[in-house]
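> Here is the input, now give the coordinates:
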Amino acid sequence: MSNTNPGMQSSLVINCRQVTRTYSEGPEKLTIFSDISLQVNTGETVAIVGSSGAGKTTLLNLLGGLDRPSSGEIAICGKDIHRMSEAGRARFRNRHLGFVYQFHHLLPEFTALENVMMPCALGGQSVPKARAKASRLLEQVGLAERLTHKPGELSGGERQRVAIARALVNEPECVLMDEPTGNLDEHTGEGVRGLIESLRDQLGISFVMVTHDMAMARSLGRVLRLEQGRLVQEL
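Prediction:
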């Protein structure tokens, strides 16, 4: 990846350049989006909005290395993730990216603490170190009294806070979020919004969020709309 400004390059967590994603349906080619570019700096929150079916989740999956672009380049922390092997990409994701979804995807048989420890275990960290990091993060997201509770014993907002802690436990440069408050009531969603804002400011982590909640999107940072295959700045 070339850049004439070294300082700018070091501050770029995501550099997505001229990315197109198409799918083949028989003889037809369906273009989800075309020639999209997106830059996200360290500690920045970017919200991506748009109608259902516009391709927001597809774009998020491309940024996370869960899907491949038809053309273009996606660099995370200066590394082109789509030139890595599948195993290399999985290791890179575990170290540099966190993921939060509308539905928490916590493992029901494990406690909140064990769920948050999981990415550390996958990355080969020792159990004592993983437990200490997970405990500290759960305390930071307001769940110090819920460490031994399983997901079924937690409220919707608490489960999403556990999911956010899990996304942060490996100290990633960026967290990708797909409708993180979409399954929550307004009051609980507002609490999660405040938590994201606080964590961004405290930890300097970048967040890229797909959301239908325009109030949340505008309160957190830059808002981009994905519409008719193009990504445009919301005024």
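> Please make it C-alpha for all contacts and neighbour counts, starting now.
Noted.
> Pull up the distance across stretch 118-133, start to finish.
11 Å (C-alpha to C-alpha, to the nearest Å).
> For it, give the mean pLDDT please.
For stretch 118-133, the mean pLDDT works out to 85.
> quick check: longest helix of the protein.
Using DSSP state H, we find that the single longest helix of the chain is helix 186-203.
> In terms of secondary structure, what does the helix or strand that comes right after it contact?
As assigned by DSSP states H and E, the chain's next helix or strand after helix 186-203 is strand 206-210. Applying 3 or more C-alpha pairs under 8 Å, 6 or more residues apart in numbering; DSSP states H and E, we find strand 206-210 packed against strand 45-49, helix 56-63, strand 174-178.
> Residues in contact with stretch 112-126: which ones?
91, 94-95, 106-107, 127, 130-131, 133-135, 138, 146-151, 162-163, 165-167, 169-170 (C-alpha atoms under 8 Å, 6 or more residues apart in numbering).
> now those residues: which count as buried?
94-95, 106, 130-131, 133-135, 138, 146-147, 150-151, 162-163, 165-167, 169-170 (16 or more other C-alpha atoms under 10 Å).
> how about the strands in this structure?
Using DSSP state E, the strands of the chain run over 12-25, 28-41, 45-49, 71-76, 79-80, 97-100, 174-178, 206-210, 222-227, 230-233.
> what are the pairing partners of the last one, and which direction each?
The strands that strand 230-233 pairs with in its sheet are strand 222-227 (antiparallel) (by DSSP bridges).
> any residues touching the strand it pairs with, and which ones?
So strand 222-227 is in contact with 45-51, 54-56, 217, 231-234, going by C-alpha under 8 Å, 6+ apart.
> Check stretch 200-218 too.
In contact with stretch 200-218 (C-alpha under 8 Å, 6+ apart) are residues 13, 40-50, 56-57, 60, 172-182, 190, 193, 199, 223.
> What residues sit buried inside stretch 67-77?
Using 16+ other C-alpha under 10 Å as the test for burial, stretch 67-77 gives R68, P69, G72, E73, I74, A75, I76, C77.
> Could you list the low-confidence segments of the protein?
1-10, 104, 234-235 (pLDDT under 70).
> can you tell me which residue is nearest the centre of the chain?
L176 (0.9 Å; C-alpha atoms, centre = their mean).
> Just list whatever residues bridge to it.
With DSSP bridges as the criterion, L176 is bridged to F99, V208.
> what residues are up against it?
Counting by C-alpha under 8 Å, 6+ apart, the residues that L176 touches are L60, G64, L97, G98, F99, V100, F207, V208, M209.
> would CSV of these with neighbour count and distance to T31 be doable?
Formatted as CSV, the contacts of L176 follow (neighbours: other C-alpha atoms under 10 Å; distance: C-alpha to C-alpha, whole Å):
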residue, neighbour count, distance to T31
L60, 20, 16
G64, 24, 20
L97, 25, 27
G98, 25, 27
F99, 25, 25
V100, 23, 26
F207, 29, 26
V208, 23, 23
M209, 26, 22
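> Return the backbone torsion pair for the closest residue to F103 other than its chain neighbours.
In space, and not counting its chain neighbours, F103 is closest to N183: 7.0 Å by C-alpha to C-alpha, 6 or more residues apart in numbering. Dihedral angles of N183 (phi, psi; degrees, to the nearest 10) stand at phi -110, psi 10.
> I'd guessed N183 sits against Y101; true?
No - at 9.7 Å, N183 does not count as touching Y101 under the criterion of C-alpha atoms under 8 Å.
> Neighbour count for these two, which is higher?
A count of neighbours by other C-alpha atoms under 10 Å puts Y101 above the other of N183 and Y101, at 19 against 16.
> I appreciate the help and will end here.
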